[in-house]
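Asks: Got a predicted model here, sequence first, then my questions.
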Protein chains: 2
Amino acid sequence: MSEDTEAARAERHAQRMARKKEVVDRKIAEAQEEKGVFLILTGNGKGKSSSGFGMVARALGHGMQVGIVQFIKGQFATGEEAFFRGQDNVQYHVMGEGYTWETQDREKDVEAARDAWAHARDMLRDPNVDLVLLDELHIALKYQYLDVAEVLEELANRPPMQHVITTGRAAPKAMIEAADTVSEIGVVKHAFQAGIKAQKGIEL
Amino acid sequence: MSEDTEAARAERHAQRMARKKEVVDRKIAEAQEEKGVFLILTGNGKGKSSSGFGMVARALGHGMQVGIVQFIKGQFATGEEAFFRGQDNVQYHVMGEGYTWETQDREKDVEAARDAWAHARDMLRDPNVDLVLLDELHIALKYQYLDVAEVLEELANRPPMQHVITTGRAAPKAMIEAADTVSEIGVVKHAFQAGIKAQKGIEL
């Protein structure tokens, strides 16, 4: 019996995989519009910024030009900066100083966010930049340091093949409506809640 | 009135941020256990592998040693490989050939997965490796190409300060129970569904 079962199992597996391949092939054939994609990474879970930076790495692996603006500076942003700043094909801008709970000064926060946005805008107007990562943009929109309508207009008018990724909790509804792809990262559990210290280089 | 409102708004903002800082500072003070973290990135949304690779970039930015095993090879994995393979402080292994719907041969799939796992095991036994990324491991567990219990035992016995990230849809329940941090990436919407072609270097 066991040999029979093994053969039957292999056969079922092959059939299942063949069906899967059909579905995937058909979907690929159907999806033929070529254009730059606007991707949002939001939610309360770990990994939104990391995901954006991973996509940067992938794009660089394909020889693409990448622009990065980080809308927050803090102890948690330094690893990416150390790694990506100065790499070939990378323009990198980090907001001058941290904001929100570290500064507690709204006017300075607005100024810092607007300065970072000016750098983002330059990238969003440059057809040589294939991918723009606006890391932690959503927090600046949530606190109204930046105007959502202004950001959306700039995104709508960017070069047609340019990809944009925005990250951060609480993406505004208008941004989600405008995006092509939206991933929401939820917390199932978190080491921090269990009393494990956030650690250099990883902060998992 | 408007000046008064502006001042009141700034004051409310400062108070809110001060409370936020208190909460964050207290949580940081409480979380003092130092150990390697086991992080799972799962769910059906875009960005699981990218998130893992972004964490690799961050770790490299801090001068850490990283080991990467990709349990699937395909058109979607080449950007990361091109970028990270050969970087300083990186050990990189990609499964010899793709599996599941491309090969439709269970025995070959099992063999390929077990070979990749042997590389992963070497990394999980090496205290010089600070972070191990097992990309798309969950699919190999789901199809029982690898044994969950064997994987969990290896993870439990790894060097105490070593971090591990596993990615892929459908993380097994036993893995989620064992992990310190679990993020689930959900699809809010996807460009592919709207008929936009997956594109070189980005596949958003």
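Replies: Noted; the coordinates are in hand.

Asks: only C-alpha atoms for contact and neighbour calcs from this point on.
Replies: Fine.

Asks: I'd assumed residue A:69 was in contact with residue A:95.
Replies: Yes - counting by CA atoms under 8 Å, residue A:95 touches residue A:69, with 7.5 Å between them.

Asks: more crowded one of those two?
Replies: A count of neighbours by other CA atoms under 10 Å in any protein chain shown puts residue A:69 above the other of residue A:95 and residue A:69, at 24 against 21.

Asks: re earlier: identify the contacts common to residue A:95 and residue A:69.
Replies: Contact criterion CA atoms under 8 Å, 6 or more residues apart in numbering or on different chains; residues shared by residue A:95 and residue A:69: residue A:116.

Asks: Tell me the confidence at residue A:19?
Replies: pLDDT recorded at residue A:19 is 77.

Asks: Secondary structure class of it, three-state.
Replies: Under DSSP: H, G, I helix; E, B strand; the rest coil, residue A:19 falls in the helix class.

Asks: Per the annotation, how does chain A divide into domains?
Replies: Annotated domains of chain A cover A:1-32, A:35-187 [automatic domain parsing].

Asks: right, so the ones you listed: which one is the most enclosed?
Replies: Mean neighbour count (mean count of other CA atoms under 10 Å in any protein chain shown) peaks for domain A:35-187 among these, with a mean of 20.

Asks: now that domain: mean pLDDT?
Replies: Computed over domain A:35-187, the mean pLDDT rounds to 90.

Asks: Span of it from start to end?
Replies: 32 Å (CA to CA, to the nearest Å).

Asks: Next, name the residue at the spatial heart of chain A.
Replies: When CA atoms, centre = their mean is applied to chain A, the residue found nearest the centroid is residue A:52 (3.2 Å).

Asks: that older thread, so for residue B:14, which of the domains of chain A sits nearest?
Replies: Among those, the nearest to residue B:14 by CA to CA is domain A:35-187 (4.6 Å).

Asks: Chain A: strands as residue ranges?
Replies: With DSSP state E, the ranges of strands along chain A come out as A:38-42, A:66-70, A:90-94, A:131-135, A:163-167, A:181-189.

Asks: so what strands line up beside the fourth one?
Replies: Translated: strand A:131-135. Strands adjacent to strand A:131-135 in the sheet, as given by DSSP bridges, are strand A:66-70 (parallel), strand A:163-167 (parallel).

Asks: which residues are in contact with the last one?
Replies: This points to strand A:163-167. Taking CA under 8 Å, 6+ apart as the rule, strand A:163-167 contacts A:36-42, A:48-49, A:52, A:130-138.

Asks: now swap in the first one and tell me
Replies: With contacts defined as CA under 8 Å, 6+ apart, strand A:66-70 is touched by A:56, A:59-60, A:89-95, A:116, A:119-120, A:123, A:129-137.

Asks: dump the residue contacts of the residue nearest to residue A:168 when sequence neighbours are not counted.
Replies: Nearest residue to residue A:168 in three dimensions, chain neighbours excluded: residue A:136, at 4.5 Å (CA to CA, 6 or more residues apart in numbering or on different chains). Listed by CA under 8 Å, 6+ apart, the contact set of residue A:136 reads A:49, A:70-72, A:166-169.

Asks: Could you identify the most distant pair in these?
Replies: A:70 and A:169 (14.2 Å).

Asks: Just give me the closest of the contacts of residue A:136 to chain B.
Replies: Taking CA to the nearest CA as the measure, chain B lies nearest residue A:49 of the contacts of residue A:136, at 7.4 Å.

Asks: wait, isn't that closest one in contact with residue A:168?
Replies: Yes - using CA under 8 Å, residue A:49 makes contact with residue A:168 at a distance of 7.3 Å.

Asks: Which one of the residues in chain A is closest to chain B?
Replies: Per CA to the nearest CA, residue A:51 is where chain A lies closest to chain B, at 3.3 Å.

Asks: Quick check: the residue nearest to that residue when sequence neighbours are not counted vs residue B:107, distance?
Replies: In this structure, residue A:51 finds its nearest non-sequential neighbour in residue B:51, 3.3 Å apart by CA to CA, 6+ apart. Using CA to CA, we find residue B:51 at a distance of 31 Å from residue B:107.

Asks: Okay, helices next: where are they in chain A?
Replies: A:2-30, A:48-61, A:78-84, A:106-124, A:137-142, A:148-156, A:173-178 (DSSP state H).

Asks: Run the angle between the first one and helix B:106-124 for me.
Replies: Using axes from the mean of the first three to the mean of the last three CA atoms, to 10 degrees, the interaxial angle of helix A:2-30 with respect to helix B:106-124 works out to 80 degrees.

Asks: go on, the second one?
Replies: Helix A:48-61 and helix B:106-124 meet at an angle of 110 degrees, taking the same axes, to 10 degrees as the criterion.

Asks: Could you tell me the angle between helix A:48-61 and strand A:181-189?
Replies: Counting by the same axes, to 10 degrees, helix A:48-61 points 130 degrees away from the direction of strand A:181-189.

Asks: just the longest one next, same as before
Replies: Between the axes of helix A:2-30 and strand A:181-189, defined by the same axes, to 10 degrees, the angle is 140 degrees.

Asks: measure residue A:147 to residue B:67 for me?
Replies: Distance of residue A:147 to residue B:67, computed by CA to CA: 42 Å.

Asks: for residue A:20, that is, sorry about that
Replies: Taken as CA to CA, the span from residue A:20 to residue B:67 is 31 Å.
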